[in-house]
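Colleague: predicted model and sequence below, questions to follow.
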Amino acid sequence: MSARAGSSGVAPQLTAAFFDRPVLEVAPDLLGATVEHRTAAGIVAVRLTEVEAYDGENDPGSHAFRGRTPRTRVMFGPPGRVYVYFTYGMHWCMNLVCGPEGTASAVLLRAGEVVAGEDLARSRRTASRSPRDLARGPARLTTALGVDGGLDGADATARRSPLAVRAGVRPDPVLVRHGPRVGVAGDGAGHPWRFWLDGELTVSAYRAAVSRRRAGRS
DNA sequence: CGGCCGATCCACT
DNA sequence: GTGGATCGGCCGA
């Protein structure tokens, strides 16, 4: 077929140059791309339908806002690395680091459609009911892929990396929507840093940031 | 389907 | 000590 697909028919792996750009350019370009993770158990691949940009030290919503710490070490590293963090006492979430080394922007992978290894993905999810929910939400996506803190810092652009990102069919630009991020305090309508594909069932539900203390019993 | 709430522990103050 | 880039179960409509 076309030269683009190559002789093997496998979509090309995204390179460090792809990620070494401003995060607001990289984030929408990741929509439609697939993330794949190889383990001894097999391969799971997810086609991304929803992502969020975090602009490093300039961004109050970013983990790197208060500078370099042990946790944010990878965010300040080279582009194309995977930043995995643990949250709410039980969930892992994953990001792809953007921009040159020394800066700390990253794209949170929020949701996608499992396009390979569906049985394996389901076996990793305890409460999965429908294919739609397998990777709908950042922690669900990370779980479905079998990614945890052990992959923090892995290079997704290395040829032999267990984790890779591959170019997908470029979505119709009309379908690319943007808006405020989910669950980020102080992220008003002036921060269109969440990107998603309109009409995709796997896009997670929007929720504004809520303080549990304020929302719950006083 | 939507709202509410507990789980569970790590990073940072 | 505080609260979080979340999820899933349970409840009522």
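Modeller: Now that the structure is in, tell me what you want to look at.
Colleague: number of residues surrounding the one residue in chain A that gets nearest to DNA strand C?
Modeller: Closest approach between chain A and DNA strand C, counting by Cβ to the nearest atom of the strand: residue A:137, at 2.4 Å. To be clear about C-beta, it is placed using only N, CA and C from the backbone, and glycine gets the same treatment. Neighbours of residue A:137 under the rule other Cβ atoms under 10 Å: 21.
Colleague: again with residue A:22
Modeller: Neighbours of residue A:22 using other Cβ under 10 Å come to 13.
Colleague: how about the contacts made by the residue of chain A closest to DNA strand C?
Modeller: A:110, A:111, A:204 (Cβ atoms under 8 Å, 6 or more residues apart in numbering).
Colleague: in what helix or strand does the residue most central in space within chain A lie?
Modeller: Note on chain A: the residue nearest the mean C-alpha position is residue A:109, at 1.6 Å, using Cα atoms, centre = their mean. Using DSSP states H and E, residue A:109 falls within strand A:105-116.
Colleague: mind listing what's buried along that strand?
Modeller: Across strand A:105-116, burial judged by 16 or more other Cβ atoms under 10 Å covers A:105, A:106, A:107, A:108, A:109, A:110, A:111, A:112, A:113, A:114.
Colleague: distance to residue A:141 and pLDDT for these - can I get that in JSON lines?
Modeller: Rendered in JSON lines, the data for the buried residues of strand A:105-116 read as follows (distance: Cβ to Cβ, whole Å; pLDDT from 0 to 100):
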{"residue": "A:105", "distance to residue A:141": "20", "pLDDT": "98"}
{"residue": "A:106", "distance to residue A:141": "15", "pLDDT": "98"}
{"residue": "A:107", "distance to residue A:141": "12", "pLDDT": "98"}
{"residue": "A:108", "distance to residue A:141": "10", "pLDDT": "98"}
{"residue": "A:109", "distance to residue A:141": "6", "pLDDT": "98"}
{"residue": "A:110", "distance to residue A:141": "7", "pLDDT": "97"}
{"residue": "A:111", "distance to residue A:141": "6", "pLDDT": "97"}
{"residue": "A:112", "distance to residue A:141": "6", "pLDDT": "97"}
{"residue": "A:113", "distance to residue A:141": "10", "pLDDT": "96"}
{"residue": "A:114", "distance to residue A:141": "9", "pLDDT": "97"}
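Colleague: how about stretch A:27-35 and DNA strand C, touching?
Modeller: No: applying Cβ under 7 Å from any atom of the strand, one finds stretch A:27-35 separated from DNA strand C by no less than 11.2 Å.
Colleague: I meant to write stretch A:113-121 there.
Modeller: No: residues of stretch A:113-121 contacting DNA strand C under Cβ under 7 Å from any atom of the strand: none, with a closest distance of 11.6 Å.
Colleague: how long is that stretch end to end?
Modeller: 11 Å (Cα to Cα, to the nearest Å).
Colleague: that stretch: how far from the chain's middle?
Modeller: 16 Å (Cα atoms, centre = their mean, to the nearest Å).
Colleague: also stretch A:43-59?
Modeller: 3 Å.
Colleague: export only the CA atoms of it, formatted as PDB.
Modeller: Written as PDB, here are the backbone C-alpha positions of stretch A:43-59 (Å, rounded to 0.1, in the frame of the first residue of the first chain):
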ATOM      1  CA  ILE A  43       0.200  -6.700  24.100                       C
ATOM      2  CA  VAL A  44      -2.500  -4.200  24.800                       C
ATOM      3  CA  ALA A  45      -3.000  -1.200  22.600                       C
ATOM      4  CA  VAL A  46      -5.200   1.800  23.200                       C
ATOM      5  CA  ARG A  47      -6.300   4.400  20.600                       C
ATOM      6  CA  LEU A  48      -6.300   7.800  22.400                       C
ATOM      7  CA  THR A  49      -9.500   9.800  22.500                       C
ATOM      8  CA  GLU A  50      -8.900  12.200  25.300                       C
ATOM      9  CA  VAL A  51      -5.800  13.900  26.700                       C
ATOM     10  CA  GLU A  52      -4.800  16.800  28.900                       C
ATOM     11  CA  ALA A  53      -1.800  19.200  28.700                       C
ATOM     12  CA  TYR A  54       0.200  20.200  31.800                       C
ATOM     13  CA  ASP A  55       2.600  23.100  31.300                       C
ATOM     14  CA  GLY A  56       5.300  22.300  33.800                       C
ATOM     15  CA  GLU A  57       6.500  25.100  36.100                       C
ATOM     16  CA  ASN A  58       4.200  27.700  34.600                       C
ATOM     17  CA  ASP A  59       1.000  25.800  35.300                       C
END
